[in-house]
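>>> coords below, sequence missing:
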């Protein structure tokens with residue numbers, strides 16, 4: 001079996017070979033004329049089929065590791081391209097950050113060590129000079145994840161759950177005139193078949209007082225379909241790897257029979273991202289997030305809020321009420337390379353009244369970034385994080401915090 005380092009070398013080697021062959025065919029430079037360093041800006045914007053291959057090296061112990069790839073396709077209008085070309089010739093590091101972001105499409109596929117797999121894609125579009133933002137994504141997969149319980153409802157030992165699901169997610173936002181505020185609508189549809197991989201062990205694993213409720217959500221074919229509203233404030237200098245500005249987003253969704261959902265509940269999400277430049281070399285970021293599912297009973301594992309922090313396996317700590325905070329400090333060694341240090345904590349509970357006494361789940365870690373596309377303010381790199389269960393490392397493209 002190949003080591004993690006061998007896998008990285010293989011994927012990076014294939015990516016560089018792919019970029020190089022495509023760039024040669026299109027007579028496109030892979031190097032920035034300003035500093036002579038590897039840079040994908042020209043390749044991404046000036047080729048009809050230019051895309052950024054991002055290797056996915058999955059080290060999450062929840063799925064037993066794995067490999068995959070994402071192809072990012074940047075779509076840019078001619079006038080925006082000219083503005084960015086002009087900005088690229090400037091020696092100012094952030095010359096192009098406040099320009100209208102390009103639309104981006106993505107295709108992804110991944111396979112893991114515990115026989116999970118996923119394939120999907122999406123598109124993020126900007127229209128009317130960025131006054132309308134539209135995001136759509138969908139995919140299909142077969143995912144095996146350990147289920148530990150929900151909040152204070154804990155299993156005697158983890159139970160591997162098989163979820164075969166297809167999903168479609170859409171969001172559209174409209175700018176409030178002459179402001180950084182956006183208002184819009186969101187839609188979420190997931191059709192899933194859920195079953196334990198060890199049916200015979202259910203009675204031994206499930207807590208007796210919750211056995212019937214858990215059996216119902218862990219052995220079911222279910223559709224969750226919801227519609228909602230979203231309000232957002234966004235003053236970030238770029239959507240890809242922000243260095244200054246703020247983004248606050250509040251989202252409420254209603255899952256009801258009227259829109260095809262087999263179970264009824266309300267899901268509320270609040271997230272705040274903060275980016276502060278401290279000096280020319282140092283900057284700081286802070287993420288605060290909370291999720292609350294208002295439901296009369298337990299929800300399927302994939303629909304239940306969970307702590308999402310670097311260092312915590314997917315869906316490891318779930319609850320109907322979840323809160324997270326993560327801070328990071330970034331040091332710019334030069335125009336291209338940066339070091340990152342971060343720490344976070346999260347809590348999960350089934351009741352708002354018990355959230356304040358829930359156990360803290362702490363994480364911390366280090367990472368690095370390389371600015372692979374200066375024209376778009378787009379960084380790539382790697383993070384190594386330590387959580388309650390051990391170390392996990394990630395390939396990071398753009399920001400480690402999703403805020404689209």
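That came through fine. What you see is a predicted model; the values in this text were computed from it and never measured.
>>> excluding its backbone neighbours, what's nearest residue 72?
Spatial nearest neighbour of residue 72, excluding adjacent residues (CB to CB, 6 or more residues apart in numbering): residue 52 at 4.3 Å. Yep, even glycine has a C-beta here, placed from its N, CA and C like the rest.
>>> quick check, the one you found in contact with residue 71.
Yes: contact status for residue 52 versus residue 71: in contact at 7.3 Å, counting by CB atoms under 8 Å.
>>> which of those two has more neighbours?
Legend: neighbour count by other CB atoms under 10 Å for residue 52 and residue 71, higher for residue 52 (22 against 15).
>>> let's verify the more buried one: helix, strand, or coil?
strand (DSSP: H, G, I helix; E, B strand; the rest coil).
>>> which residues touch it?
40, 44, 71, 72, 74, 372, 373, 378, 397 (CB atoms under 8 Å, 6 or more residues apart in numbering).
>>> going through the residues you listed, which ones are buried?
Among the contacts of residue 52, the ones that count as buried by 16 or more other CB atoms under 10 Å are 40, 44, 72, 74, 372, 373, 378, 397.
>>> from these, which land in strands?
72, 74, 372, 373, 378, 397 (DSSP state E).
>>> the fourth one against residue 38, yeah?
No: the pair residue 373 and residue 38 fails to qualify as a contact (CB under 8 Å) at a distance of 10.1 Å.
>>> so where do the helices sit in the stretch 51-200 of the chain?
Assigned by DSSP state H, counting those that start in this stretch, the stretch 51-200 of the chain shows helices spanning 78-88.
>>> any chance you could map the strands in it?
51-58, 66-75, 103-112, 117-127, 132-150, 153-175, 181-196 (DSSP state E, counting those that start in this stretch).
>>> out of the ones you listed, which one sits most buried?
strand 51-58 (a mean of 20; mean count of other CB atoms under 10 Å).
>>> show the average pLDDT along that strand.
Across strand 51-58, pLDDT averages out at 70.
>>> just the angle between that strand and strand 103-112, please?
30 degrees (axes from the mean of the first three to the mean of the last three CA atoms, to 10 degrees).
>>> in the stretch 201-350 of the chain, which ranges drop under the pLDDT threshold?
By pLDDT under 70, the low-scoring segments of the stretch 201-350 of the chain are 201-205.
>>> closest to residue 152 among the buried ones among the contacts of residue 52?
residue 397 (36.2 Å; CB to CB).
>>> quick one: residue 239 from residue 273, how far?
Look at residue 239 and residue 273: by CB to CB, to the nearest Å, they are 11 Å apart.
>>> now do residue 381
18 Å.
>>> next one: residue 68
Applying CB to CB to residue 68 and residue 273 gives a distance of 26 Å.
>>> and if you look at residue 374?
The value you get for residue 374 to residue 273, if CB to CB is used, is 22 Å.
>>> what do you get for residue 38?
28 Å.
>>> from residue 388, how far out is the spatially closest residue to residue 395 that is not a sequence neighbour?
Excluding its sequence neighbours, the residue lying closest to residue 395 (CB to CB, 6+ apart) is residue 57, at 5.4 Å. In this structure, residue 57 lies at 22 Å from residue 388, with CB to CB as the measure.
>>> likewise residue 308?
Residue 308 is 14 Å from residue 388, by CB to CB.
>>> and those two? which has more neighbours close in?
The neighbour comparison of residue 308 against residue 388 (other CB under 10 Å) goes to residue 308, with 19 against 15.
>>> hang on, that one is in a helix, isn't it?
No: counting by three-state DSSP, residue 308 falls outside a helix, being coil.
>>> surely it meets residue 324?
Yes: contact status for residue 308 versus residue 324: in contact at 6.5 Å, counting by CB under 8 Å.
>>> as a markdown table, the strands of the stretch 51-200 of the chain with distance to residue 331 would be great.
Output for the strands of the stretch 51-200 of the chain, formatted as a markdown table (distance: least, CB to CB, whole Å):
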| stretch | distance to residue 331 |
| --- | --- |
| strand 51-58 | 24 |
| strand 66-75 | 26 |
| strand 103-112 | 28 |
| strand 117-127 | 29 |
| strand 132-150 | 32 |
| strand 153-175 | 33 |
| strand 181-196 | 32 |
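>>> lowest average pLDDT across those strands?
Among the strands of the stretch 51-200 of the chain, strand 51-58 scores lowest, at a mean of 70.
>>> so what sits opposite the residue lying closest to residue 296 once chain neighbours are set aside in the bridge?
Leaving out its chain neighbours, the residue that sits closest to residue 296 by CB to CB, 6+ apart is residue 265, at 7.7 Å. Residues found in beta-bridge contact with residue 265 (criterion: DSSP bridges) are residue 255.
>>> follow-up on the earlier one: any residues in contact with both of residue 373 and residue 38?
Counting by CB under 8 Å, 6+ apart, nothing touches both residue 373 and residue 38.
>>> the closest residue to residue 146 other than its chain neighbours and residue 323: what is the separation?
In space, and not counting its chain neighbours, residue 146 is closest to residue 158: 4.0 Å by CB to CB, 6+ apart. Per CB to CB, residue 158 is found 23 Å from residue 323.
>>> then residue 151?
Per CB to CB, residue 151 is found 12 Å from residue 323.
>>> over to residue 240?
27 Å.
>>> same check on residue 140?
From residue 140 across to residue 323, the span is 31 Å (CB to CB).
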